[in-house]
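Q: Sequence below, structure please.
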Amino acid sequence: MLELPIIPKIGEVFLAVELTAVQNMTVAETLKSLEDMGYNPTLRYRQFSDGRVSVYALLKHEHIEPEILQNSDYLGEELDALAEMIQPTSAITSPRGISSTKAPVPAATIK
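A: Numbers count the residues shown, from 1 in each chain. I've put the predicted structure just below:
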């Protein structure tokens, strides 16, 4: 089982479900439902500095032009379909490597 990166590289897109966070189905039911939707999930993990481990079903790992990711609703329909099945929806993750530069935080939002 491979580790799921927290920060994707430029142009990388991941679509995954955190199996350890799904509350409305067991892990086996979630994997079966994802397969029924046409996915071929592969297991990935993420280990945090405090020792916690989360297990993910990786559904997609693609390389896309960053400009496409910035200007489109890429994977929008798939995210919507997953959101109808997975609860809570925060268990669905789709990190995207859009830009290598970090946008400054506007001073008005800093409290």
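
Q: elements contacting the one helix or strand residue 32 maps to?
A: Here residue 32 is covered by helix 27-36, with elements defined by DSSP states H and E. Helices and strands touching helix 27-36, by 3 or more C-beta pairs under 8 Å, 6 or more residues apart in numbering; DSSP states H and E, are strand 53-63. Glycine gets a C-beta too; all of them are placed from N, C-alpha and C.

Q: Which of the helices and strands in this protein ranks last by mean pLDDT?
A: helix 66-70 (a mean of 66; mean pLDDT, DSSP states H and E).

Q: Helix or strand next in line after that helix, which one?
A: Assigned by DSSP H and E, the successor of helix 66-70 is helix 76-85.

Q: Please point out which parts of that following helix sit buried.
A: Residues 78, 82, 85 are the ones in helix 76-85 that count as buried (16 or more other C-beta atoms under 10 Å).

Q: residues touching the first one, list them.
A: By that I understand residue 78. Neighbouring residues of residue 78 by C-beta atoms under 8 Å, 6 or more residues apart in numbering: 15, 59-60.
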